[in-house]
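In: structure, please.
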Amino acid sequence: MIDVQRYNLFANSIMRKAYKELTHWEMMFPHACTVQVPHAGHFVQEEAPDELADAAISFLKETVSARTRQD
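Out: Numbering: from 1, shown residues only. Below is the predicted model:
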């Protein structure tokens, strides 16, 4: 049987670490496009495929639009 309280503490610890790493990434690369997907871990493409697809499509539209304006 799973100890739900212990599992929640572990999951919260991992999420805090991930948030800290994302914040560090954003500070190191301020012009990078980052997207936080709640409740998704290392395998975002499997755990949140719709959110990943939406983020990728949005990024590509913005990138193509920006390049088109530059040309």
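In: I figured residue 44 hits residue 38, correct?
Out: No - look at residue 44 against residue 38 with CB atoms under 8 Å: they stay out of range, at 10.9 Å. Just so you know, the C-beta spots here come from the backbone N, C-alpha and C atoms, and that holds for glycine as well.
In: list the contacts of residue 35.
Out: Neighbour list for residue 35: 51, 55 [criterion: CB atoms under 8 Å, 6 or more residues apart in numbering].
In: let's see that with 6 Å instead.
Out: residue 55 (CB atoms under 6 Å, 6 or more residues apart in numbering).
In: so it is in which element?
Out: Using DSSP states H and E, residue 35 falls within no helix or strand.
In: now swap in the one 4 residues further on and tell me
Out: Under DSSP H and E, no helix or strand contains residue 39.
In: neighbours around it, how many?
Out: 9 (other CB atoms under 10 Å).
In: hey, where'd the helices end up in the chain?
Out: All helices of the chain, identified by DSSP state H, fall at 4-28, 44-47, 49-70.
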